[in-house]
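K.L.:
sequence unknown, structure follows:
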DNA sequence: TTGTAGGCGTTATCAC
DNA sequence: GTGATAACGCCTACAA
């Protein structure tokens, strides 16, 4: 007896009913200790493993969270996932990870799949090209709660966990100001993401507080590609009164920006300071680092997102207003 | 009608039997086109999504592959996973990823979970501390085929996909020799991993071919931690006739090694050459790069491992001998 | 071409 | 304390 043992097999061998065995295994109150003992013993001997597929089917719960992210190559998400796994584990939940590779079609396919598989909840960082939200509405209509991580749509119509972008922006800009910079550029994220707007706003507000006029020439939208970032840097450095500091949407963009200066304006390198969102492990290995990084605490974001999701799963709400959680950033000086 | 539509609902509405609906949806041959059309139409209108949980349960297949790896922070695995997803997708299989964080207990728990969830196959890179193989035997006894990726046990008793370590070693050592190095050290991986032994053997063979005597003083075992690597470097650089080149088990170890030299012997930096396994994306951002990297083609390893696994799933063998696939490495000079 | 019936493994309800 | 039975959603012989 080695493969596919079921409670039925156990029941037959022990001359009892399947329901007794089932109850014994789940330590039900009104099963005698002797019976429980006998059942457990045989289950162990026979290496019984409950068929989760059947159990999920029966309970119409999968005890699984779906996590949809753009790309695992981005260490931000890896840390966040670790946070999600932490919480999920505590609730005996599985985590299933899927990558959209920033492709909305792939993303849609993934979501459909998650619905088919009846995951109990979803944590998602939408792709940079996702512009419609009906899929997510559909998820919620199917009784599957969703929490947006870091990126979200313009209107906060969904639960979300994001960095406290406004505060982070002022941390960064203030520090650059302290260092003597007065011409500070912003490499902003794709306009389609609400995060980009929040960070742009943070930039503007921080400048205003410092009585620096916002200069449209110092603003460039990037799309995370190396080419776009290089192009933006080329243009920015050509401006009459060029920027000496850069406030950047994301670590990987900072790195490309630094690379650009290194290649095309090596003399400028010591004069230029860059601060971006994200303090990723790989920064440790860099020789030319950003001046500072905004630690987004993505692990903690993962924790918070998963906790919120578990709460939503266990207390299905009628139609409460969406929750927004902001995680503070710290400025890490390198 | 918005939530949890089943074929039963559709059948009732259309006044037909569930089996007709089921067949219509799966495009069975002997269902009239008209019927198929009517069913599909309503299914679409009602936003019917098949309940995979039920389907899996019924077919006692999950159409899911389990991938167990040490850590997603390692870009090697991220690329490999991409390969796995590629193949899995073609077969309409899901991929579920789990991290052991190099902890054998966590690894065991993951495997048990995968068995409970009746995954159809498993691809695993064992943790650096895993020393027993009975769990994997148990998987195979449960009819769940396993493919080992990169790391494996001493005896090749399991299917595995690894780098062609012997050839890679000679590529690296030969190149270092060409550059004039005669004192070449090896930072070897944990002795528990067969990969470590293969790479050590590659090192010895390559030296032999070049008529360089193997010097035990130039060999150090590391465990991937920064401390161990730094300690190894400290010791190696104290040897009478110290090494001028290093053949390294793994990219992240190379980076720590470079960091050590940078901090403690900056003058040596230009004189020392390092070549390690792995050509990870992050290398692009480094200023002080290894002299060269052995591109392990981990994406391709993922592809091959998944293809092999799918074959094993679809043609369950009696007890054929395990398959070993070797993927050639290329030397990438930076 | 369509319908009927049984079953996959588990749990919950109710009866004994 | 224990057992019989129905049910979850889907698939598939087999019957009509």
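P.N.:
Structure received. Since the model is a prediction, treat every value here as computed from it, not as a measurement. Numbers count the residues shown, from 1 in each chain, chains lettered A, B, ... in the order given.

K.L.:
could you pull out the strands for the stretch 101-250 of chain A?
P.N.:
With DSSP state E, counting those that start in this stretch as the criterion, the stretch 101-250 of chain A has strands at A:121-124, A:146-149, A:159-163, A:184-188, A:219-221, A:245-248.

K.L.:
want to try a markdown table for the ones you listed, with mean pLDDT, distance to residue A:80 and mean neighbour count as columns?
P.N.:
Placement of C-beta: from N, CA and C, glycine included. Below are the strands of the stretch 101-250 of chain A laid out as a markdown table (pLDDT from 0 to 100; distance: least, Cβ to Cβ, whole Å; neighbours: other Cβ atoms under 10 Å in any protein chain shown):
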| stretch | mean pLDDT | distance to residue A:80 | mean neighbour count |
| --- | --- | --- | --- |
| strand A:121-124 | 96 | 8 | 27 |
| strand A:146-149 | 96 | 6 | 26 |
| strand A:159-163 | 95 | 9 | 24 |
| strand A:184-188 | 97 | 22 | 25 |
| strand A:219-221 | 97 | 24 | 16 |
| strand A:245-248 | 98 | 20 | 28 |
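
K.L.:
and of those, who's closest to residue A:273?
P.N.:
Proximity to residue A:273 (Cβ to Cβ) singles out strand A:245-248 among those, at 4.6 Å.

K.L.:
related to what we said a few turns ago, any chance of the strands of the stretch 101-250 of chain A in TSV, plus distance to residue A:276?
P.N.:
Converted to TSV, those look like this (distance: least, Cβ to Cβ, whole Å):
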stretch	distance to residue A:276
strand A:121-124	23
strand A:146-149	19
strand A:159-163	12
strand A:184-188	8
strand A:219-221	14
strand A:245-248	3
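
K.L.:
wait, which of the ones you listed is closest to DNA strand D?
P.N.:
DNA strand D lies closest to strand A:121-124 among the strands of the stretch 101-250 of chain A, at 18.7 Å (Cβ to the nearest atom of the strand).

K.L.:
contacts only, for residue A:151.
P.N.:
A:125, A:126, A:128, A:162, A:193, A:194, A:195 (Cβ atoms under 8 Å, 6 or more residues apart in numbering or on different chains).

K.L.:
so the first one sits against residue A:148, correct?
P.N.:
Just to be clear, that refers to residue A:125. Yes - with contact defined as Cβ atoms under 8 Å, residue A:125 and residue A:148 form a contacting pair (7.3 Å).

K.L.:
quick check, the helix or strand bottoming out on mean pLDDT in chain A touching chain B?
P.N.:
Scoring the helices and strands of chain A by mean pLDDT, DSSP states H and E places helix A:134-141 at the bottom, with a mean of 86. Yes - using Cβ under 8 Å from any Cβ of the partner chain, we find that helix A:134-141 touches chain B at A:138, A:141.

K.L.:
quick one, that helix and strand A:159-163 angle?
P.N.:
120 degrees (axes from the mean of the first three to the mean of the last three Cα atoms, to 10 degrees).

K.L.:
how distant is helix A:134-141 from the center of its chain?
P.N.:
19 Å (Cα atoms, centre = their mean, to the nearest Å).

K.L.:
so what touches it?
P.N.:
A:108, A:111, A:114, A:115, A:122, A:124, A:145, A:146, A:158, B:2, B:3, B:47.

K.L.:
mind putting these in a markdown table, distance to residue B:259 included?
P.N.:
Formatted as a markdown table, the contacts of helix A:134-141 follow (distance: Cβ to Cβ, whole Å):
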| residue | distance to residue B:259 |
| --- | --- |
| A:108 | 43 |
| A:111 | 42 |
| A:114 | 41 |
| A:115 | 46 |
| A:122 | 39 |
| A:124 | 36 |
| A:145 | 44 |
| A:146 | 41 |
| A:158 | 42 |
| B:2 | 57 |
| B:3 | 55 |
| B:47 | 55 |
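
K.L.:
now, of these, which are buried?
P.N.:
Burial by neighbour count, 16 or more other Cβ atoms under 10 Å in any protein chain shown: within those this picks out A:111, A:114, A:115, A:122, A:124, A:145, A:146, A:158.

K.L.:
nearest to chain B, out of those residues: which one, please.
P.N.:
residue A:115 (5.3 Å; Cβ to the nearest Cβ).

K.L.:
got the domain boundaries for chain A?
P.N.:
A:7-50, A:62-163+A:298-328, A:165-295 (automatic domain parsing).

K.L.:
any part of the longest one near DNA strand C?
P.N.:
When you say that, I think you mean domain A:62-163+A:298-328. No - interface with DNA strand C: domain A:62-163+A:298-328 contributes nothing (Cβ under 7 Å from any atom of the strand), its closest point being 11.4 Å away.

K.L.:
end-to-end on that domain?
P.N.:
Taking Cα to Cα, to the nearest Å, domain A:62-163+A:298-328 runs 33 Å from one end to the other.

K.L.:
and for the first one?
P.N.:
Looking at domain A:7-50, the gap from its leading to its trailing residue is 8 Å under the measure Cα to Cα.

K.L.:
report pLDDT for residue A:53.
P.N.:
Listed pLDDT for residue A:53 reads 87.

K.L.:
residues near it, how many?
P.N.:
A count of nearby residues for residue A:53, using other Cβ atoms under 10 Å in any protein chain shown, gives 24.

K.L.:
again, but for residue A:34
P.N.:
9.

K.L.:
what secondary structure does it sit in?
P.N.:
Judged by DSSP: H, G, I helix; E, B strand; the rest coil, the three-state class of residue A:34 is helix.

K.L.:
what packs against the helix or strand hosting residue A:301?
P.N.:
Residue A:301 is part of helix A:298-314, with elements assigned from DSSP states H and E. Helix A:298-314 is packed against helix A:75-90, strand A:121-124, strand A:146-149, strand A:159-163, strand A:324-327, with contacts defined by 3 or more Cβ pairs under 8 Å, 6 or more residues apart in numbering or on different chains; DSSP states H and E.
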